[in-house]
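Student: Next one to model:
(4 chains)
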There are 2 protein chains.
Amino acid sequence: MSANDQFVSVLHQWIDLLMHRSMRRFIHYARESGLSLSMIGTLFHLNRMGSSGVTDLGDHLGVTSAATSQMLERLVQQKLIQRSEDPTDRRVKQIALTDKGCQVLEEGLRSRQTWLHNLADILSEKEKEQITAATNIMIEKAKQLG
Amino acid sequence: MSANDQFVSVLHQWIDLLMHRSMRRFIHYARESGLSLSMIGTLFHLNRMGSSGVTDLGDHLGVTSAATSQMLERLVQQKLIQRSEDPTDRRVKQIALTDKGCQVLEEGLRSRQTWLHNLADILSEKEKEQITAATNIMIEKAKQLG
DNA sequence: CTAAATAGTTAAGCGGGCTAAATTATATAG
DNA sequence: CTATATAATTTAGCCCGCTTAACTATTTAG
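Tutor: Presented below is the predicted three-dimensional model:
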């Protein structure tokens, strides 16, 4: 097994483990909140990219503007997002997360945080330093991949 | 910032990055395949846990057996799973992935693999070793957390 | 053997989420 | 100014996924 293959294999295992932990929680969370895949994708996108137009969001999801508009209307009703007119082009509506929308996303991350703290507690100081250093390298390089 | 907080923060960043990469792909993949959240959850569960009964799968998703039964019927029609009678209790149906079902899951993982190889290519041998060692520690300790 | 419990399916009904097509409002090209 | 293009919404219609309730088949308790 080449050094690359070994690297990929180990990372794969780690990501599987993370995904398995995240996926069930994620699916449950979505169901309880009454959020669809599209809604979740939209909230994540807004959190990451900032406010966006309706068509942009639809393209990102791969659905029509009509579908997007309807889905956004439901998110507005749930007070998770807000619409406002783009002053530079009054045809476009700027969609942004409300405070409540941000909170909902943060809650989704909280149990991960708990888990990470539990993990930190059973690692030695030396191990934590080693992992932090290695992870920083990956973050740096991953950003280069765009 | 304590050593723990720094560790958690860096890992958080890394997981965010992974999740962002995975989530969009995942949502697109699901939409293209016509798979719902429940179907995906079921396929993952079967892949990880092996064949299961209808009620088990429903409990896992948090929906009724009726809903599960209908959803499974659609997965059977797509030839992603198969039903068979449990010989020890003929009331229960054993649900298992078909070969096609396994393939579908593997395809979902393939683009991640590609990305990891790209990442490997821009890391030095020393860095790869460092990351592999650190990740192995996390995998080991994470398993202890159950 | 009978009664109750359990596993799964089926049917009816409700609402979600998608599309295509029509509509409204605004911006841009000639 | 007029014609065309673009951004978003509304409407009608379809299918999906969920629930409850009724039903079938099988197992278990007494």
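
Student: mind listing what the closest residue to residue A:7 other than its chain neighbours touches?
Tutor: Nearest residue to residue A:7, sequence neighbours excluded (Cβ to Cβ, 6 or more residues apart in numbering or on different chains): residue B:128, at 4.5 Å. The way it works is simple: take the backbone N, C-alpha and C, and place the C-beta from them, glycine included. For residue B:128, the contacting residues are A:3, A:4, A:6, A:7, B:120, by Cβ atoms under 8 Å, 6 or more residues apart in numbering or on different chains.

Student: element containing residue B:128?
Tutor: helix B:125-145 (DSSP states H and E).

Student: How far off centre is the lowest-mean-pLDDT helix or strand in chain A?
Tutor: The weakest-scoring helix or strand in chain A, judged by mean pLDDT, DSSP states H and E, is helix A:3-33 (a mean of 81). Here helix A:3-33 is found 13 Å from its chain centre; the criterion is Cα atoms, centre = their mean, to the nearest Å.

Student: tilt between it and helix A:125-145?
Tutor: If you take axes from the mean of the first three to the mean of the last three Cα atoms, to 10 degrees, helix A:3-33 sits at 90 degrees to helix A:125-145.

Student: could you point out which element follows helix A:3-33?
Tutor: helix A:37-49.

Student: Contacts only, for residue A:3.
Tutor: B:125, B:128, B:129.

Student: now residue A:77: how far from residue B:71?
Tutor: 27 Å (Cβ to Cβ, to the nearest Å).

Student: Neighbour count for those two, which is higher?
Tutor: residue B:71 (20 against 9; other Cβ atoms under 10 Å in any protein chain shown).

Student: picking that back up, tell me the spacing between the residue nearest to residue A:7 and residue B:79.
Tutor: Separation of residue B:128 from residue B:79 (Cβ to Cβ): 40 Å.

Student: same check, this time on residue A:85
Tutor: Residue A:85 sits 49 Å away from residue B:79, going by Cβ to Cβ.

Student: Residue A:131 now?
Tutor: For residue A:131, the distance to residue B:79 (Cβ to Cβ) stands at 43 Å.

Student: Please identify which of the two sits among more neighbours.
Tutor: For residue A:131 versus residue B:79, neighbours defined as other Cβ under 10 Å are more numerous around residue A:131 (25 against 12).

Student: what sits against that one?
Tutor: Residue A:131 neighbours (Cβ under 8 Å, 6+ apart): A:123, B:7, B:11, B:134, B:135, B:137, B:138.

Student: repeat that for 7 Å
Tutor: Contacts for residue A:131 (Cβ atoms under 7 Å, 6 or more residues apart in numbering or on different chains) come out as B:7, B:134, B:137, B:138.

Student: I figured the first one hits residue A:132, correct?
Tutor: Yes: here residue B:7 lies in contact with residue A:132, judged by Cβ atoms under 7 Å, at a distance of 5.4 Å.

Student: more neighbours, the two?
Tutor: residue B:7 (23 against 18).

Student: quick one: contacts for that one?
Tutor: Counting by Cβ under 7 Å, 6+ apart, residue B:7 has contacts A:120, A:128, A:131, A:132.

Student: possible to save the residues you listed as a markdown table with distance to DNA strand D and pLDDT?
Tutor: Formatted as a markdown table, the contacts of residue B:7 follow (distance: Cβ to the nearest atom of the strand, whole Å; pLDDT from 0 to 100):
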| residue | distance to DNA strand D | pLDDT |
| --- | --- | --- |
| A:120 | 35 | 93 |
| A:128 | 40 | 94 |
| A:131 | 37 | 94 |
| A:132 | 40 | 95 |
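
Student: Excluding residues flanking it in the chain, which one is nearest the residue nearest the centre of chain A?
Tutor: Against the mean C-alpha coordinate of chain A, by Cα atoms, centre = their mean, the closest residue is residue A:44 at 4.4 Å. Take residue A:44 and drop its neighbours on the chain: the residue closest to it by Cβ to Cβ, 6+ apart is residue B:23, 6.1 Å away.

Student: Number of residues surrounding that neighbour?
Tutor: Neighbouring residues of residue B:23 were enumerated by other Cβ under 10 Å; the total is 18.
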